[in-house]
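A.B. asks: my questions are about this predicted structure, shown below with the sequence.
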Amino acid sequence: MMSQNRQAAKDRIKQDAAYEINLKMELEIMRLHDELSKLKAELNQKR
């Protein structure tokens, strides 16, 4: 039983880490998307 509790705790830590990574990546993708939109707008203005 103790082994199962330890494994559950380890699994929870891994899930929390994966969530944090996914959240950071989502924010970075949103930032890059905004940057691409700005660059596209600049290119369109120069035409």
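C.D. replies: Yep, it's here.
A.B. asks: and Asp16, how many neighbours?
C.D. replies: 10 (other C-beta atoms under 10 Å). The way it works is simple: take the backbone N, C-alpha and C, and place the C-beta from them, glycine included.
A.B. asks: so where does it fall, helix or strand?
C.D. replies: Here Asp16, judged by DSSP states H and E, is contained in helix 2-46.
A.B. asks: what mean pLDDT would you report for that helix?
C.D. replies: Per-region confidence: helix 2-46 scores 96 on mean pLDDT.
A.B. asks: what about it, distance to the chain center?
C.D. replies: 0 Å (C-alpha atoms, centre = their mean, to the nearest Å).
A.B. asks: now do stretch 39-47
C.D. replies: Its chain's C-alpha centre and that of stretch 39-47 lie 28 Å apart, by C-alpha atoms, centre = their mean.
A.B. asks: which positions in it come out as buried?
C.D. replies: Neighbour-count burial for stretch 39-47 flags no residue at all (criterion: 16 or more other C-beta atoms under 10 Å).
A.B. asks: could you export that stretch as CSV, CA atoms only?
C.D. replies: Extracted in CSV, the C-alpha atoms of stretch 39-47 (Å, rounded to 0.1, in the frame of the first residue of the first chain):
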residue,chain,number,x,y,z
LEU,A,39,5.4,40.9,-39.1
LYS,A,40,2.7,40.1,-41.6
ALA,A,41,1.1,43.4,-41.1
GLU,A,42,4.4,45.2,-41.6
LEU,A,43,5.0,43.3,-44.9
ASN,A,44,1.5,44.2,-46.1
GLN,A,45,2.1,47.9,-45.4
LYS,A,46,5.3,47.9,-47.4
ARG,A,47,3.6,46.6,-50.5
